[in-house]
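> Prediction below, plus the sequence it came from.
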Amino acid sequence: MTARDARLHAFRSDLADARLKGEVTAERFVAGRPARIAVPVADVRKAPRPDAGINTQFLSGDDVLVFEDIKGWAWVQSERDGYVGYVAANELGGREHEPTHVVCVPRTFVYPGPDLRFPIAGNLSMGSTLTVTGAAETRGTHYAVLSSGQALIAGHLQPVGDVAADYVSVAETFLGTPYLWGGVSGFGIDCSGLVQLAMRMAGRDVLRDSDMQAKGIGEPLEPGPDYSGLRRGDLVFWKGHVAIMTDAETMIHANGHTMLVSREGLKEAVDRIGYLYGGPTGFRRP
């Protein structure tokens, strides 16, 4: 049988995605049931337990396939990036409506109606999708209205299909966002999550983890002597880490050193990170 990455293919010894029949060994094969993430951020865990580690997160409106529901947990796979894991079953909903808009700012509030003075009803991260059914204006502020009557600031949304011109500019809007292992949202994000979400908003879907990105984004790059060949948008990889160059000398990354998304000089980062983890393992140009 072909070796498969369990992060990207739904298979266990007892159960597997029907699409993998003939490629993996399992007691049963099932077709995935379509569902959609119905909470602002769903933690995707390694095992169906609340104390299990978080590998990644899915955002509100993300489409998934469900292969198993058991004891309050769902074993799912993202249809966007293929990531597999366990989410709480009550965080899933149906796909009754086609999404029309996506949140295009790091974070935004959901109001019970079109008035910013109302107590908030929730919040959403950049990258979340939703279905807008109407519009309203209150005291000069424009709102996008949902079928539930809830409302969001219209300027915080863009139509599905619109994309940013520069993924680095998107990443820079996250400066100061807390670092969160496994995070992919404006509420907390990790290094490869920042790359993935920024590129997603620029119209490019890439894989989730830094080792996947180091193999699959763009082309390998020789940085030249003293890293002189780097430019804005290039990616720098270490073992288990990735950063985005904002210019020839400076990078932005979500990191455990500051526990924030922050800027840092590349040479300073190489010296600091090298003390514990060694030097860069590769460079790529998207």
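Okay, I see it.
> check contacts around Arg200.
80, 127, 206 (Cβ atoms under 8 Å, 6 or more residues apart in numbering). Where C-beta positions appear, they are placed from N, C-alpha and C, glycine not excepted.
> State the three-state secondary structure for the last one.
Three-state secondary structure (criterion: DSSP: H, G, I helix; E, B strand; the rest coil) places Val206 in coil.
> any low-confidence regions in the stretch 1-150 of the chain?
1-2 (pLDDT under 70).
> what's Asp166 sitting at in phi/psi?
For Asp166, the backbone dihedrals (degrees, to the nearest 10) come out as phi -140, psi 110.
> Can you report how many residues neighbour the nearest residue to it once chain neighbours are set aside?
Computed as Cβ to Cβ, 6 or more residues apart in numbering, the closest residue to Asp166 that is not its neighbour in sequence is Ala202, at 6.9 Å. When neighbours are counted by other Cβ atoms under 10 Å, Ala202 registers 18.
> In this structure Ala202 contacts Val195, no?
No. Counting by Cβ atoms under 8 Å, Ala202 stays clear of Val195, with 10.9 Å between them.
> related to what we said a few turns ago, what's near enough to touch the residue nearest to Asp166?
The neighbourhood of Ala202, defined by Cβ under 8 Å, 6+ apart, consists of 163-167, 170.
> Go through those and name the one nearest Asp51.
Ranked by distance to Asp51 (Cβ to Cβ), the contacts of Ala202 are led by Val170 at 33.5 Å.
> sorry, back to before: ok, the contacts of Arg200 vs Gly32, which is closest?
Closest to Gly32, out of all of those and judged by Cβ to Cβ, is Arg80, at 13.8 Å.
> Does the closest one belong to a helix, a strand or coil?
Arg80 is classified as coil under three-state DSSP.
> how near is it to Arg36?
Taking Cβ to Cβ, to the nearest Å as the measure, Arg80 falls 11 Å from Arg36.
> Asp14 too?
Taking Cβ to Cβ as the measure, Asp14 falls 26 Å from Arg36.
> More neighbours: these two, which one.
Neighbour count, other Cβ under 10 Å: between Asp14 and Arg36, Arg36 has more, with 19 against 9.
> Doesn't that one belong to a strand?
Yes. Under three-state DSSP, Arg36 falls within a strand.
> so who does it touch?
Taking Cβ under 8 Å, 6+ apart as the criterion, Arg36 is in contact with 61-64, 92-95.
> List the beta-bridge partners for it.
Note on Arg36: beta-bridge partners by DSSP bridges are Asp63, Gly93.
> any idea how far Arg117 is from it?
From Arg36 to Arg117 the distance is 31 Å (Cβ to Cβ).
> Leaving out chain neighbours, which residue sits closest to the one residue sitting closest to the centre of the chain?
A centroid search over the chain (Cα atoms, centre = their mean) returns Val184, at 3.9 Å, as the residue closest to the centre. Excluding the flanking residues, the one nearest Val184 by Cβ to Cβ, 6+ apart is Gly193, at 3.9 Å.
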